[in-house]
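Participant: Sequence below, structure please.
(chains A, B, C and D)
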2 protein chains.
Amino acid sequence: MTQKPASKSECTAAMLPVKDALEVLHGRWTLPIIIALRFGKKRFREIAREVEGITDKVLSKELKELELNQLVTRKVYDSFPPTVEYEITPHGESLGAVLESLRTWGTAHRKKIMGRK
Amino acid sequence: MTQKPASKSECTAAMLPVKDALEVLHGRWTLPIIIALRFGKKRFREIAREVEGITDKVLSKELKELELNQLVTRKVYDSFPPTVEYEITPHGESLGAVLESLRTWGTAHRKKIMGRK
DNA sequence: GATAGTGCTTTCCTATAGTATAGTGCTATC
DNA sequence: GATAGCACTATACTATAGGAAAGCACTATC
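Facilitator: Numbers count the residues shown, from 1 in each chain, chains lettered A, B, ... in the order given. Presented below is the predicted three-dimensional model:
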């Protein structure tokens, strides 16, 4: 699909939203967290346990970012030991299609590059 | 779409290829380069001019990575002033669908977060 | 009354990505 | 014969992501 003469503005326009999306998905932890939450709402400690290797500091930071991006909501029940629930938003759920296409391509890529598995 | 009990292995399996795909797409420059090449084969200097801000060193490194990932091919014509042509492979082209879904989601995200534009 | 669990925050440190700048061997042009 | 273009490579720096470890206010349990 080799197209038109390719002006700079065309490239930029084509790229901006893609860049936005990738900025949301980038880091090492964003994805594992989102995927964990796609299986149902969870508390801080639960996420920390499921996303192995992450430190509290980083998890806390990532969750803040996800909240800013309106991908998850944070509900605080101020009970005796603090209870905070994180839940994915509809907007977060809408990442499903993106994840699916990444998964499809990633699978093909993996076969291509690594031969198998 | 809140699903099953969510075992660790399920999450991992769901994630691996997605992670692979994101690893290919990550960095600041990969995408601009790929998009530039989707408009047609180009020489080193042409890419350098189109992807503004990139330095030669980084471009050279990124192109090597893309070649390793079999997303672009490198053809050297050993003429008087060196001529090297980079062209996207079919596998590289197959990123189109991914890019498209990233673009779609990114557009929605942009509207949601920034209010407009 | 010591211990453990909760959801964080703080400090300090390292690794990696990216930047800036210059240089190389060669040629064609002025 | 100076300059500029080509496709790189080299060196040395900065910025950002993330890691390790501890602390905090609080409570329920032993």
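Participant: Please tell me how far the most centrally placed residue in chain A sits from residue A:75.
Facilitator: Centroid-nearest residue in chain A: residue A:31, 3.7 Å away (criterion: CA atoms, centre = their mean). Note on residue A:31: its distance to residue A:75, by CB to CB, to the nearest Å, is 23 Å. Using the backbone N, CA and C atoms, a C-beta is placed for each residue, glycine as well.
Participant: just residue A:93 next, same as before
Facilitator: Distance from residue A:93 to residue A:75, by CB to CB: 17 Å.
Participant: on that earlier part again, say whether DNA strand C is contacted by the helix or strand hosting the residue nearest to the centre of chain A.
Facilitator: Residue A:31 is part of helix A:30-38, with elements assigned from DSSP states H and E. No. Judged by CB under 7 Å from any atom of the strand, helix A:30-38 makes no contact with DNA strand C; its nearest approach is 12.6 Å.
Participant: mind saving the C-alpha coords of that helix as PDB?
Facilitator: Provided in PDB are the C-alpha atoms of helix A:30-38 (Å, rounded to 0.1, in the frame of the first residue of the first chain):
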ATOM      1  CA  THR A  30       0.900  -0.300  32.200                       C
ATOM      2  CA  LEU A  31      -0.200  -3.200  30.200                       C
ATOM      3  CA  PRO A  32       0.100  -5.900  32.900                       C
ATOM      4  CA  ILE A  33      -1.900  -3.700  35.200                       C
ATOM      5  CA  ILE A  34      -4.600  -3.000  32.600                       C
ATOM      6  CA  ILE A  35      -4.900  -6.600  31.700                       C
ATOM      7  CA  ALA A  36      -5.100  -7.600  35.300                       C
ATOM      8  CA  LEU A  37      -7.900  -5.200  35.800                       C
ATOM      9  CA  ARG A  38      -9.800  -6.400  32.700                       C
END
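Participant: Surely residue A:74 is within a strand?
Facilitator: Yes. Per DSSP: H, G, I helix; E, B strand; the rest coil, residue A:74 lies within a strand segment.
Participant: longest single helix anywhere in chain A?
Facilitator: helix A:95-114 (DSSP state H).
Participant: avg pLDDT for it?
Facilitator: Mean per-residue pLDDT for helix A:95-114: 92.
Participant: Please pull up the helix or strand immediately following the helix holding residue A:31.
Facilitator: Using DSSP H and E, the helix or strand that follows helix A:30-38 towards the C-terminus is strand A:42-43.
Participant: Give me the packing partners of that following strand, helices and strands only.
Facilitator: Secondary-structure packing of strand A:42-43 (3 or more CB pairs under 8 Å, 6 or more residues apart in numbering or on different chains; DSSP states H and E): strand A:83-88.
Participant: what pLDDT, on average, does the helix holding residue A:31 get?
Facilitator: Looking at helix A:30-38 alone, the average pLDDT works out to 92.
Participant: Give me the contacts around that helix.
Facilitator: By CB atoms under 8 Å, 6 or more residues apart in numbering or on different chains, the list of residues contacting helix A:30-38 from outside reads A:24-25, A:42, A:47, A:50-51, A:54, A:59, A:62-63, A:65-66, A:71-72, A:86-88, A:92-93, A:95-96, A:99, B:1-3, B:6, B:11, B:14-15, B:18-19, B:22.
Participant: Spell out which parts of chain A neighbour DNA strand C.
Facilitator: A:43-45, A:56-57, A:60-61, A:63-64, A:74, A:81-84.
Participant: which of those count as buried?
Facilitator: Buried members of the residues of chain A next to DNA strand C, scored by 16 or more other CB atoms under 10 Å in any protein chain shown, are A:44, A:63.
Participant: What is the burial count for residue A:49?
Facilitator: The tally of other residues near residue A:49 (other CB atoms under 10 Å in any protein chain shown) stands at 13.
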